[in-house]
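*Asks:* this one's structure only:
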Ligand SMILES: Nc1nc2c(ncn2[C@@H]2O[C@H](COP(=O)(O)OP(=O)(O)OP(=O)(O)O)[C@@H](O)[C@H]2O)c(=O)[nH]1
Ligand SMILES: [Mg+2]
């Protein structure tokens, strides 16, 4: 499969990011080119996980994808079918805890279940516990195949929104979407989820994960906001006055969250319940956790309510989770404003070493970072959210199948604290149909879902050249007069290959399922069950060499932004796996993305990559964007 000398080139690539592409490109010009850059090399733990998965796949032999997912992490604990369901919810995913059936949501191994319920409290002893699935997701990053059917997710959400309004006011809907997924396929479905007899008080659409996208020019956030507004208009949400605002945030790095809290407190105070809605994986639980550690919740809530389970695997949350919202009295708003003013005057140097460390950690993760503090908190609590949402999504630290220890004593809300409380609810995501993630195994999902700031990769292609994004997407440049620029915006862990029309089919045939194209993984057997790539012809007219004309979105695997000479007509053919959606996004999300590049790598179609620096809001050093 590999040419002689490949190992040496890979080593060189680690030493100097661009060398592999350069040397290999020079050697095999007119054949396929593989672009390996230092920043695209998997992290050691991911690589270890990948090899472990590959070895396991190999040992296991042929199996249907769905079975394979289940087999990856078979539940180790024993069930006891005689014990009735508990009526207590898992604090990570919301499913009802039970020990009857290891294949159903909310399962806790029977031994563990008994140890938690044998005290005087009975089943109440389960409060604060998590199911085995949440435990495996959080501690081992393993996904049990315990997803609800897509229709059930929708029913849970719809039933919650149709509950009679409690405080004489309908709920506020906080619809969260992943900006990388624009146009969000679930956004137009919101009206159908609502009951005309329980009118919502308003809809706030929040574009999440902005930390992943580099600023392609000044004002890029303003443009992203416009794209978000346009998506809302297309989804018919401007009609009827339901939509009140659109905002951009990063639930993971905190960017925009203080602004969101202020907006919520200003407009809704504490008049009704708030529901976090959205497609699976849009980041609802990550936002729930961030708000739980902000000025938005009652000061004791973080001591009583556990963090929701967060994972890159779609369909993590299975039922409602909630925390009580604080009443933003005049005094509280005043104290909060004072804190925000004080914090905005600080420079990075004035932060504590702990804060600095945490900030630097976030700056490595994303391009946009925000500091989320707490004004109303108990003395012993920490002033900042200090957790990595991917690694420490909740705090249960024992193995539910083996430990008999009870979790540490939990605090409870008093009657007065909850009797008139308004709640913020996390909800199960609405499943995206035609999404490539639905076809992938858990290891593959981890490579495809971008977790760190995306570094754009730009190539200059002539007609007759082909670009592969792993084995999940392909773009052929069929006809045009001049070369055009193709910028890949996708997880840094997915490889990009450049080939020619005459070699492309053979390349895919030979390497799909193998390490060379990386995803899917599992060799020929895996590819037997994986849908073939299907083509769609696209014609575009260039608008200039600095501004892109369109994004070709290859389902949820990422997209390719095309920049071409003005008036230049291009005929392209783009491919995604059968059953997944290919979208041509015009205008593109980041029209100037091709400018984020270094010098051309001699003898290849690639440019060196550039990673713009991260920006921190609420700090004196933050540039005004
Ligand atoms: N970079 C980045 N990643 C995020 C952000 N928000 C969430 N994620 C990641 O996206 C993945 C899904 O996050 P969740 O919070 O579990 O998403 P969800 O909407 O609750 O998903 P379901 O429960 O499946 O509906 C996780 O890997 C998160 O770490 C964000 O603002 N930026
Ligand atoms: Mg969730």
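*Replies:* Good, I have the coordinates. Keep in mind it's a predicted model, so treat the numbers as computed, not measured. Ligands and ions are numbered 1, 2, ... in the order given.

*Asks:* for ligand 1, what is the nearest residue in the stretch 201-350 of the chain?
*Replies:* Closest to ligand 1 within the stretch 201-350 of the chain is residue 283: 2.8 Å, counting by Cβ to the nearest ligand atom. In this view, the C-beta of every residue, glycine as well, is placed from N, C-alpha and C.

*Asks:* no wait, the chain
*Replies:* Closest point on the chain to ligand 1, by Cβ to the nearest ligand atom, is residue 429, at 2.3 Å.

*Asks:* I'd say that residue and residue 311 touch.
*Replies:* No - at 11.4 Å, residue 429 and residue 311 do not qualify as touching, with contact defined as Cβ atoms under 8 Å.

*Asks:* stretch 207-225 close to ligand 2?
*Replies:* No - judged by Cβ under 5 Å from the ion, stretch 207-225 and ligand 2 are separated, with a smallest distance of 12.0 Å.

*Asks:* ends of that stretch, what's the gap?
*Replies:* The straight-line separation of the ends of stretch 207-225 (Cα to Cα, to the nearest Å) is 8 Å.

*Asks:* who are the contact partners of residue 311?
*Replies:* Residue 311 makes contact with 137-138, 141, 143, 393, according to Cβ atoms under 8 Å, 6 or more residues apart in numbering.

*Asks:* ok, back up a step: what residues are up against the residue of the stretch 201-350 of the chain closest to ligand 1?
*Replies:* Each residue near residue 283 by Cβ under 8 Å, 6+ apart is listed here: 176, 178, 208-209, 251-252.

*Asks:* pLDDT score for it?
*Replies:* Looking at residue 283, its pLDDT reads 97.

*Asks:* residue 412 now?
*Replies:* Per-residue confidence (pLDDT) for residue 412: 78.

*Asks:* got phi/psi on it?
*Replies:* Dihedral angles of residue 412 (phi, psi; degrees, to the nearest 10) stand at phi -120, psi 160.

*Asks:* that one contacts residue 304, correct?
*Replies:* Yes - using Cβ under 8 Å, residue 412 makes contact with residue 304 at a distance of 6.2 Å.

*Asks:* tell me which of the two has more neighbours.
*Replies:* residue 304 (18 against 13; other Cβ atoms under 10 Å).

*Asks:* wouldn't the more buried one be in contact with residue 411 here?
*Replies:* Yes - contact criterion Cβ under 8 Å: residue 304 and residue 411 qualify, at 5.0 Å.

*Asks:* so who does residue 274 touch?
*Replies:* 171-174, 264, 268, 325, 422-425.

*Asks:* just those: which are in helices?
*Replies:* 264, 268 (DSSP state H).

*Asks:* make a ChimeraX selection of the buried ones in the contacts of residue 274.
*Replies:* Buried members of these can be picked out in ChimeraX with the line below, counting by 16 or more other Cβ atoms under 10 Å:
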select :171,172,173,174,264,268,325,422,423,424,425
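
*Asks:* can you convert the contacts of residue 274 into TSV and add a column each for pLDDT?
*Replies:* Formatted as TSV, the contacts of residue 274 follow (pLDDT from 0 to 100):
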residue	pLDDT
171	88
172	91
173	93
174	96
264	94
268	82
325	94
422	90
423	93
424	96
425	96
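
*Asks:* now do the strands in the stretch 401-550 of the chain.
*Replies:* For the stretch 401-550 of the chain, the strands defined by DSSP state E, counting those that start in this stretch occupy 423-426, 457-461, 465-469, 473-479, 484-489, 496-500, 533-541, 550-554.

*Asks:* tell me the SS of residue 204?
*Replies:* Local secondary structure at residue 204 is given as strand here, using DSSP: H, G, I helix; E, B strand; the rest coil.

*Asks:* mind listing what it touches?
*Replies:* 172-175, 244-247, 263-264.

*Asks:* in strands, which of the residues you listed appear?
*Replies:* Among these, the residues falling in strands (DSSP state E) are 172-175, 244-247.

*Asks:* ok, which pair from the residues you listed is furthest apart?
*Replies:* Spatial extent of those (Cβ to Cβ) is set by the pair 172 and 246 at 14.3 Å.

*Asks:* near ligand 2, list only the ones from the ones in strands among the contacts of residue 204.
*Replies:* Contacts with ligand 2 within the ones in strands among the contacts of residue 204, as defined by Cβ under 5 Å from the ion: none are present.

*Asks:* which bits of the stretch 151-300 of the chain sit near ligand 1?
*Replies:* 208-209, 211-212, 250-252, 278, 280-286 (Cβ under 6 Å from any ligand atom).

*Asks:* next one: the residue in the stretch 451-600 of the chain that ligand 2 sits nearest to relative to residue 276, how far apart?
*Replies:* Relative to ligand 2, the nearest point of the stretch 451-600 of the chain is residue 451 (15.8 Å; Cβ to the ion). According to Cβ to Cβ, to the nearest Å, residue 451 and residue 276 sit 21 Å apart.

*Asks:* comparing the two, which residue is more hemmed in?
*Replies:* The neighbour count for residue 451 versus residue 276, taken as other Cβ under 10 Å, is higher for residue 276 (27 against 19).

*Asks:* so that one sits against residue 177, correct?
*Replies:* No - in terms of Cβ under 8 Å, residue 276 does not count as a neighbour of residue 177; the distance is 11.4 Å.

*Asks:* so which bits of this protein are right by ligand 2?
*Replies:* Neighbours of ligand 2 within the chain, by Cβ under 5 Å from the ion: 284-285, 316-317.

*Asks:* can you put the residues you listed in CSV and add neighbour count and distance to residue 291?
*Replies:* Below are the residues of the chain next to ligand 2 laid out as CSV (neighbours: other Cβ atoms under 10 Å; distance: Cβ to Cβ, whole Å):
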residue, neighbour count, distance to residue 291
284, 30, 10
285, 30, 11
316, 26, 17
317, 27, 15
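
*Asks:* quick check: the two most widely separated of the residues you listed?
*Replies:* Pairwise distances across the residues of the chain next to ligand 2 (Cβ to Cβ) peak at 9.3 Å, for the pair 284 and 316.

*Asks:* overlap of the contact sets of the two?
*Replies:* Here residue 284 and residue 316 share the contacting residues residue 429, scored by Cβ under 8 Å, 6+ apart.

*Asks:* tell me the pLDDT at the residue of the chain most remote from its centre?
*Replies:* For the chain, the residue at maximal distance from the C-alpha centroid (Cα atoms, centre = their mean) is residue 120, at 41.4 Å. Residue 120 is assigned a pLDDT of 86 by the prediction.

*Asks:* where's it relative to residue 128, distance?
*Replies:* Residue 120 is 16 Å from residue 128, by Cβ to Cβ.

*Asks:* then residue 504?
*Replies:* Distance, residue 504 to residue 128, by Cβ to Cβ: 54 Å.

*Asks:* how about residue 367?
*Replies:* Remark: distance between residue 367 and residue 128 (Cβ to Cβ) = 36 Å.

*Asks:* please apply the same query to residue 293.
*Replies:* In terms of Cβ to Cβ, residue 293 sits 17 Å off from residue 128.

*Asks:* ditto for residue 564
*Replies:* Residue 564 is 57 Å from residue 128, by Cβ to Cβ.

*Asks:* the two: who's more crowded?
*Replies:* Set residue 564 next to residue 128 and count neighbours by other Cβ under 10 Å: residue 564 wins out with 26 against 21.

*Asks:* okay, now the residue of the chain closest to ligand 1: neighbour count?
*Replies:* Other residues near residue 429 number 26, with proximity taken as other Cβ under 10 Å.

*Asks:* in contact with it, which residues?
*Replies:* By Cβ under 8 Å, 6+ apart, the neighbours of residue 429 are 153, 278-282, 284, 314-317.

*Asks:* if we go to 6 Å?
*Replies:* 279-280 (Cβ atoms under 6 Å, 6 or more residues apart in numbering).

*Asks:* start the count at 43 instead of 1 going forward.
*Replies:* In the new numbering, first residue 43, that becomes residue 471.

*Asks:* model confidence for the nearest residue to residue 141 once chain neighbours are set aside, exactly?
*Replies:* Leaving aside its chain neighbours, residue 141 sits nearest to residue 155 (3.9 Å; criterion: Cβ to Cβ, 6 or more residues apart in numbering). At residue 155, the pLDDT value in this model is 93.
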